[in-house]
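Peer 1: sequence plus the predicted model coming up.
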Amino acid sequence: MLIYIVSLSIFPAVAARIPSTDGLLNERYYSSVFCFLFFNVFVTVGSATAQFVQWPGPRWLVLPVLLRVAFIPFFLYCNYQPSDTLVRTVPVLFKHDWMYILGIVALSWSSGYLSSLTMIYAPKAVPKSLAATAGMLGALTIIVGILIGINTALIYPRLFSRS
């Protein structure tokens, strides 16, 4: 659930509102390429990676999932612009485009990889008679994580701006 809370509280609401600071790509294409295209490509790559590399095991999987919470302040302290009507009230700490790009790659890859691992491990972590139930509960946690993540994204403009 936490994987989806972190991912969907950032993507697309926050990530799409981080404009280029270095002029790396035309502003018209910047968000389309580095936010939407990169996110979807690297989620897919992360999911595919989980088929071949299954590390960490079920016991230690919680550690990288918890570490992903650090993505929230990272993206909020990039050049996040809450909206056209609000003024940002906190400083920009991560100013360069390459920081944002590496962040979006790490966020999306880890989202795909770790969510796939959790769905692989869930049915294996219980007795065979409960495997189907564990799989359904895994799917339920994805839905709850999506709902919480999307609604959490609504809080960030209020925290980082004023009218």
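Peer 2: Structure's in. What do you need? For clarity, every value in this text was computed on a predicted model and none was experimentally measured.
Peer 1: what mean pLDDT does the top helix by length along the chain get?
Peer 2: Counting by DSSP state H, the longest helix found in the chain is helix 97-124. For helix 97-124, the mean pLDDT works out to 97.
Peer 1: next one: that helix to chain centre, how far?
Peer 2: Here helix 97-124 is found 7 Å from its chain centre; the criterion is CA atoms, centre = their mean, to the nearest Å.
Peer 1: list the buried residues of it.
Peer 2: Buried residues in helix 97-124, counting neighbours by 16 or more other CB atoms under 10 Å, are found at 97, 99-101, 103-119, 121-123. From N, CA and C alone the C-beta is placed, and that goes for glycine too.
Peer 1: and stretch 6-22, by the same measure?
Peer 2: Across stretch 6-22, burial judged by 16+ other CB under 10 Å covers 6-11, 13-18, 20.
Peer 1: kindly provide the distance from the residue with the largest distance to the centre of the chain to Pro123.
Peer 2: Largest separation from the mean C-alpha position in the chain: Ser129, at 33.1 Å (CA atoms, centre = their mean). From Ser129 across to Pro123, the span is 11 Å (CB to CB, to the nearest Å).
Peer 1: pLDDT of the following helix or strand past the longest helix of the chain, averaged?
Peer 2: The helix or strand immediately downstream of helix 97-124 is helix 131-152, counting by DSSP states H and E. Mean pLDDT, helix 131-152: 96.
Peer 1: thanks again, I'm all set now.
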